[in-house]
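# got a predicted model here, sequence first, then my questions.
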Amino acid sequence: MPGGRLTQQERQQIALGLGDGLPYAEIARRLDRPTSTVTREVMRNGGPTAYRADLAHRATEHRTHRRRQTAPRGADVSPQPHGRDAQAVSEYEEVFTTVLMGTGAPRMMARVMACLYITDAGSLTASELVQRLQVSPASISKAITFLESQGLVRRERDERRRERYIVDDDVWYQATISSARSLVQVIETAREGVGILGPGTPAAARLENIARFLDFVSESTTRAAEQAREVLYAKPETDSDGAAGPDNG
């Protein structure tokens, strides 16, 4: 299996595969590359609908050049807990950031969220975020303010009176419920239009169908979130050797 960075020709094959609607696994098989390599390449360069081979190649060269310029000379890679591969963790963090940006989060906010989520503690101080992300304290402060306003992080003081920024497992539940509730206004407005435009008319029928559809989606989403909420707090089982295994409930 070939290693090293993707070549421009391989990126062109990825673009062709995406254009043909092939899954990442099939594209990776044709390139004789791990599926994770293809997934990471696509997600960090615009996603499956916006990926362009030439732009991706130039962007990778730019990132490499920038890292060489900004990396402190003689600096050692921070050791990772649990025997993790530091390079793999760094690349995964970049992919996770790109995916979060795809949901609408600004880049710095997405970087902070990804950084918090991949730490075992799920919390970091401002100085720790500054050090990990190599950005200014002002950038971290602005990102945290935005994330707090969205209910995506919270802060509390630790035993040393330092503010720690924390991501809670319940965030995704709350975000899902909030998204479902946001449809209520659309549903009510659509049904109001039915009366104004006249029941039985094409426009009114269209609005009624929209309302019924969104009503069903909202109720189903809320019910599913309530039923699945406990999954957010599931703890991995461990085997006799102490290794984590699947939690089958």
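Perfect, thanks for sending it.

# ok, how many other residues are close to Arg229?
Applying other CB atoms under 10 Å, we find 15 residues neighbouring Arg229. In this view, the C-beta of every residue, glycine as well, is placed from N, C-alpha and C.

# need the contact list for it.
Counting by CB atoms under 8 Å, 6 or more residues apart in numbering, Arg229 makes contact with Asp170, Tyr173.

# 22 is where my numbering starts, stick with that
Yes, from this point I'll number from 22; that puts the last item at Arg250.

# separation between it and Asp191?
Note on Arg250: its distance to Asp191, by CB to CB, to the nearest Å, is 8 Å.

# same check, this time on Val116
Between Val116 and Asp191 the computed distance is 24 Å (CB to CB).

# for Gln34, same thing?
Noted for Gln34: a distance of 42 Å to Asp191, by CB to CB.

# looking at the two now, which is surrounded by more residues?
Shown here are Gln34 and Asp191; by other CB under 10 Å, Gln34 has more neighbours (18 against 12).

# tell me, what's the model's pLDDT at the closest residue to the more buried one other than its chain neighbours?
Spatial nearest neighbour of Gln34, chain neighbours left out: Leu52 (6.1 Å); criterion: CB to CB, 6 or more residues apart in numbering. Here, the pLDDT recorded for Leu52 equals 93.

# Leu52 against Ala36, yeah?
No - with contact defined as CB atoms under 8 Å, Leu52 does not reach Ala36; the gap is 12.0 Å.

# and the two? which has more neighbours close in?
Using other CB under 10 Å, the more surrounded residue of Leu52 and Ala36 is Leu52, with 22 against 19.

# next one: phi and psi at Tyr186?
Phi and psi for Tyr186, reported as degrees, to the nearest 10, are phi -100, psi 130.

# who does it bridge with?
Leu145, Arg176 (DSSP bridges).

# enumerate every residue touching it.
Val133, Leu137, Ser144, Leu145, Thr146, Ala147, Leu150, Ile165, Leu168, Val174, Arg175, Arg176.

# kindly recompute the last result at 10 Å.
For Tyr186, the contacting residues are 133, 136-137, 143-147, 149-150, 161, 164-165, 168-169, 174-177, by CB atoms under 10 Å, 6 or more residues apart in numbering.

# Ser199 now?
Per CB under 10 Å, 6+ apart, neighbours of Ser199: Gln171, Gly172.

# so which strand or helix has it?
Using DSSP states H and E, Ser199 sits in helix 192-202.

# relative to Val215, how far out is the spatially most central residue of the chain?
Closest residue to the average C-alpha location of the chain: Leu121 at 3.1 Å, with CA atoms, centre = their mean. Distance, Leu121 to Val215, by CB to CB: 38 Å.
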